[in-house]
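**Student:** need coordinates for the below:
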Amino acid sequence: MPDRLVRWLPVALVCGVITMIARRAVAPIRDPDDWWHLRLGNDLITQHSLATPENWSSFGSVSWVPTEPLPEVAAAYVERWLGLPGLAVLFWLAGLAVAVAVHAANRREARPLAASAATVFTVLAAAASLTSRPQLISFGAGMKVRYDYRGLPLEITRLGLDGTPFLLPDYGYAIVRLRWNERGRLLERGFFDATGKPLAQKTGQAGAQFEYDDLGNPVEQRFVDERGALVKIEQGYAIRRTRFDRLGRDIENTFYDERRQPALNRDGYYGFRSEYDRRGFETQRRYLGADGGPFRSRKNGNFGARYVLNRGGEREQEIFLDPSGNPVVGATLGRIEHVFDGYAREIERRYWTGDGKPSAAPLEGCAVFRTQHDSTGRVIAERCLDGSGQPMNRKDTGWAQKTISYESGRKIAERLLDARGREVKPRP
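**Tutor:** Residues are numbered from 1 along each chain as shown. Below you'll find the predicted structure:
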């Protein structure tokens, strides 16, 4: 009996991992990043290029390029042909490939039982990263993990098909090394190339260091370069400090540069304070200047926002604030209203001035933007309207209405109309 148990236990462990991945795949999509990955994939298909779409990140302070265009395009095609069930199958296949690659790498070093146990621990440790986002496909290249006596990963090496360290383009590193404190909290994280040399990421960091308070809340995060010196990352700061309340909610975040002086982050402020409701949802955010006082964001032009939430926690209103923390008054943009359907999908967005008159979105120019979905959640129509509810041409794209047609789950046509109902061509 013991021999039979030892012989079948590895199989049972691996089957358990596969079952866990399958249960994740059939669950409803909860990761909001999935939707913009699908949108980006569809935009890449439409423009017949893997370059950055021109209508993306118009307010971004730095240039960027799609880092996962091929899996995004593949996922977009699957969604067109098979809908959301097809994406669930794709997620399961990608997760299965990861589990098989991990087990194969472990099997090269250990007997079946030890390799299967290591596979279980590896997949569980990486559970937070095993999402339906496109980068999951990159995990299939394989990885090798070294643990400490507590089962915490100390070194994760991405492996190529030949079993040697491999530099993944999407990640910018081949090896990541981790250091933990006695309570099991991460103290240091470093990125390295295939030879073990420190390597800076696209964000500007080659590593990060963390400090915690007595309750285990991360109160400081520092980013370092290849030499271990503080470095400013693309978000605009080298140090991020956070204050927490007694419930563990972050109530203040402030940013600092390499000289430990207040730093203006990418969104145009030096820090922010947050307030929450009893459910733990953020209900207010006020921007801070270098002196800790009220500050007008250089990106959106206000001093903060108050959020009115529905029962599901979605933001039904964003009310912009003045320096005193009161709602903005006057002719400037003062409020955005969001309307959701029963599936928490936004179907209408309205812009208002501080004195209650229709306003315009900074990018599109619409006073009202409406979105229509089909029964599977796919967008089938978008409309840009003025304050009186009449169609108006978007400032960024030139169309007032877009309709999308599908056949057997596949997008087959997209029609753009201007405010007069005339067909227009997509802007390059």
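
**Student:** ok, Arg158 - how many residues close by?
**Tutor:** Residues lying near Arg158 (other CB atoms under 10 Å) number 20. Any C-beta I mention is one placed from the backbone N, CA and C, and that applies to glycine too.

**Student:** and Phe192, by the same measure?
**Tutor:** Here the count is done by other CB under 10 Å, and Phe192 has 21 residues near it.

**Student:** same check on Tyr77?
**Tutor:** Tyr77: 17 neighbours (other CB under 10 Å).

**Student:** what of the one 5 residues further on?
**Tutor:** By the criterion of other CB under 10 Å, Leu82 has 16 neighbours.

**Student:** helix or strand right after whatever helix or strand it lives in?
**Tutor:** Assigned by DSSP states H and E, Leu82 falls within helix 69-107. For helix 69-107, the succeeding helix or strand toward the C-terminus, using DSSP H and E, is helix 112-125.

**Student:** contact partners of that next one?
**Tutor:** Defining contact as CB atoms under 8 Å, 6 or more residues apart in numbering, one finds that helix 112-125 is touched by 6, 9-11, 13-14, 16-17, 20-21, 98-99, 102-103, 106-107, 109-110, 130, 143, 145, 147, 151, 153.

**Student:** buried sites along it?
**Tutor:** For helix 112-125, the neighbour count (16 or more other CB atoms under 10 Å) marks Pro112, Ala115, Ser116, Ala118, Thr119, Val120, Thr122, Val123 as buried.

**Student:** report all helices and strands that the helix holding Leu82 contacts.
**Tutor:** Contacts defined by 3 or more CB pairs under 8 Å, 6 or more residues apart in numbering; DSSP states H and E place helix 69-107 against helix 2-26, helix 33-47, helix 112-125, helix 136-139, strand 143-147, strand 410-417.

**Student:** let's go with 6 Å and repeat that
**Tutor:** helix 2-26, helix 33-47, helix 112-125, helix 136-139, strand 410-417 (3 or more CB pairs under 6 Å, 6 or more residues apart in numbering; DSSP states H and E).

**Student:** pull the distance from it to the chain's centre.
**Tutor:** 18 Å (CA atoms, centre = their mean, to the nearest Å).

**Student:** neighbours of Lys232, just the number please.
**Tutor:** For Lys232, using other CB under 10 Å, the count is 18.

**Student:** next, it: secondary structure please.
**Tutor:** coil (DSSP: H, G, I helix; E, B strand; the rest coil).

**Student:** tell me how far it lies from Tyr287.
**Tutor:** 19 Å (CB to CB, to the nearest Å).

**Student:** got it, and Lys197?
**Tutor:** 39 Å.

**Student:** ok, Ala229 next?
**Tutor:** In terms of CB to CB, Ala229 sits 29 Å off from Tyr287.

**Student:** between these two, point out the one with more neighbours.
**Tutor:** Higher neighbour count among Ala229 and Tyr287: Tyr287, with 26 against 10, using other CB under 10 Å.

**Student:** wait, a helix at that one?
**Tutor:** No. Read with three-state DSSP, Tyr287 is strand and lies in no helix.

**Student:** where does the nearest residue to it once chain neighbours are set aside land in three-state SS?
**Tutor:** Among residues not flanking Tyr287 along the chain, Tyr269 sits closest, at 3.9 Å (CB to CB, 6 or more residues apart in numbering). Here Tyr269 is recorded as coil under three-state DSSP.

**Student:** got the contact list for Glu188?
**Tutor:** By CB atoms under 6 Å, 6 or more residues apart in numbering, the residues touching Glu188 are Arg179, Gln209.

**Student:** what helix or strand is Gly292 on?
**Tutor:** For Gly292, there is no host helix or strand (DSSP H and E).

**Student:** quick check on it: phi, psi?
**Tutor:** phi 90, psi 0 (degrees, to the nearest 10).

**Student:** what is the burial count for it?
**Tutor:** 13.

**Student:** and the gap between it and Glu252?
**Tutor:** For Gly292, the distance to Glu252 equals 9 Å [CB to CB].

**Student:** likewise Ala174?
**Tutor:** Using CB to CB, we find Ala174 at a distance of 37 Å from Glu252.

**Student:** so which of the two has more stuff around it?
**Tutor:** More crowded of Ala174 and Glu252, by other CB under 10 Å: Ala174, with 24 against 16.

**Student:** tell me the pLDDT of that one.
**Tutor:** Looking at Ala174, its pLDDT reads 85.

**Student:** Arg158 is in contact with that one, correct?
**Tutor:** Yes. With contacts counted by CB atoms under 6 Å, Ala174 reaches Arg158, the gap being 5.3 Å.

**Student:** who touches both of the two?
**Tutor:** Joint contacts of Ala174 and Arg158 (CB under 6 Å, 6+ apart) are Phe166.

**Student:** and the closest residue in space to Trp180 that isn't next to it in sequence, how many neighbours does it have?
**Tutor:** Spatially, and ignoring its direct neighbours in sequence, Trp180 is nearest to Leu152 (5.1 Å; CB to CB, 6+ apart). The local packing of Leu152 (other CB under 10 Å) involves 14 other residues.
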